[in-house]
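1. When you get a sec, could you give me coordinates for this:
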Amino acid sequence: MADLGNIGRTLQVLDKYNFNFRKNYGQNFLIDDHILNKIVDAAGITKDDLVLEIGPGIGTMTQYLCERAGKVIAVEIDSSLIPILKDTLSAYDNVTVINEDILKVDIRKLSDEQNGGKPIKVVANLPYYITTPIVMGLFESHVPLKSITVMVQKEVAERMQTGPGSKDYGALSLAVAYYSKAKVVATVSPSCFIPKPNVESSVIHMEVYDTPPVTVEDEAFLFAVIRACFNQRRKTLVNSLSNAGNLHVSKEQIRLAIEEMGKPETIRGETFTLEEFATLSNLLKKILAKQVTL
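-> Numbering: from 1, shown residues only. Model prediction:
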């Protein structure tokens, strides 16, 4: 039975192994049974699921996942936590712990070997300093995913589900909207962790689309356009895109595309919706292709 969702048991384990928190790994362990159940409920875990947990810590959420899932693969970068996990997860025969950096793990290979290539569910209490690289890595690698349910800094969760016109709107917002339907399912107080972080947290559930909601000719080009716009978000779209060395588009080509969309030349990329970025990306690709064939 899961027994780590309280501060007493957590402190007992930490004391037993003389564990010291490492700031460079952003370690904050959950000690709230209600929140732990809420995360697992939001992820919709069943015995049919293979769950990838990123950063299990001492195995707190891992225990809850093991009791609901068919199989759990927990990837932990901190080698000092491996003997603790062997202890706290000893009652479960459906978990595999991998001592590795999640950014270096071949998740597609893992999915193929452990789940026959079927979509997996990702659940994690993510280190705040590396949230965006992990989430973007999961999306952009095109690993077969059913959903991603993660604890993140509250401000990051707000960026993930905001739209045009907000100061939080950016490349991450658009990537999440392109790949998934996102919903914040809980706000979590610092008092739910040990040690207490300095910020509030949120649990966000992203149901991954089978097919993105917009059609683009070149997905990599779409996100290169988006990143260029938000790298210089206060500049006009014409200037920010023409300044991006990796796009190889001229101001005249950008003006042609914007004109075809019926937008003013002074428009900024931060006002564009995902659908408008998709249209812009496709128009630019068409214009570039025409000029190559001339």
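2. In the protein, what helix or strand scores lowest on average pLDDT?
-> Lowest on mean pLDDT, DSSP states H and E among the helices and strands of the chain sits helix 274-293, with a mean of 89.
3. The closest residue to residue 63 other than its chain neighbours: what secondary structure?
-> In this structure, residue 63 finds its nearest non-sequential neighbour in residue 2, 3.8 Å apart by Cβ to Cβ, 6 or more residues apart in numbering. Heads up, the C-betas are built off the backbone N, CA and C, glycines and all. Following DSSP: H, G, I helix; E, B strand; the rest coil, residue 2 is assigned to coil.
4. Numbering from 134 from now on, please.
-> Happy to do that; since the first residue is 134 now, the last one works out to residue 135.
5. Show me what the least confident helix or strand of the chain is in contact with.
-> Applying Cβ atoms under 8 Å, 6 or more residues apart in numbering, the contact partners of helix 407-426 are 307, 310-311, 346-351, 354-355, 358-359, 362, 370, 380-382, 386-387, 389-391, 393-394, 402, 405.
6. For it, buried residues please.
-> 407, 409-418, 420-421 (16 or more other Cβ atoms under 10 Å).
7. What are the boundaries of the helices in the chain?
-> Secondary structure of the chain (DSSP state H): helices at 140-149, 166-176, 193-201, 215-221, 240-248, 264-273, 287-294, 304-312, 352-364, 370-375, 384-393, 407-426.
8. taking these together, which one is wrapped up most tightly?
-> Highest mean neighbour count of the helices of the chain: helix 193-201, a mean of 24 (counted as mean count of other Cβ atoms under 10 Å).
9. now it, how far from the centre of its chain.
-> 20 Å (Cα atoms, centre = their mean, to the nearest Å).
10. cool, and stretch 382-400?
-> 32 Å.
11. domains of the chain?
-> Using automatic domain parsing, the domain ranges for the chain come out as 140-341, 352-426.
12. for residue 380, what are its contacts?
-> 354, 357-358, 361, 374, 417.
13. Distance-wise, check it relative to residue 358.
-> Separation of residue 380 from residue 358 (Cβ to Cβ, to the nearest Å) stands at 7 Å.
14. How about residue 289?
-> On the measure of Cβ to Cβ, residue 289 and residue 358 end up 23 Å apart.
15. Quick check: closest non-adjacent residue to residue 303.
-> residue 363 (4.8 Å).
16. do the same with residue 305
-> Among residues not flanking residue 305 along the chain, residue 292 sits closest, at 5.3 Å (Cβ to Cβ, 6+ apart).
17. so that neighbour makes contact with residue 307?
-> No. With contact defined as Cβ atoms under 8 Å, residue 292 does not reach residue 307; the gap is 10.3 Å.
18. who's in contact with residue 350?
-> Shown in contact with residue 350 (Cβ under 8 Å, 6+ apart): 414-415, 418-419.
19. 10 Å - rerun?
-> Residue 350 sits next to 411, 414-419, 422 when contact means Cβ atoms under 10 Å, 6 or more residues apart in numbering.
20. Also residue 321?
-> 163, 165, 167-168, 171-172, 258, 284-285, 287, 330, 333-336 are the contacts of residue 321 under Cβ under 10 Å, 6+ apart.
21. How much space separates it from residue 164?
-> According to Cβ to Cβ, residue 321 stands 11 Å off from residue 164.
22. what's the answer for residue 138, then?
-> Residue 138 is 7 Å from residue 164, by Cβ to Cβ.
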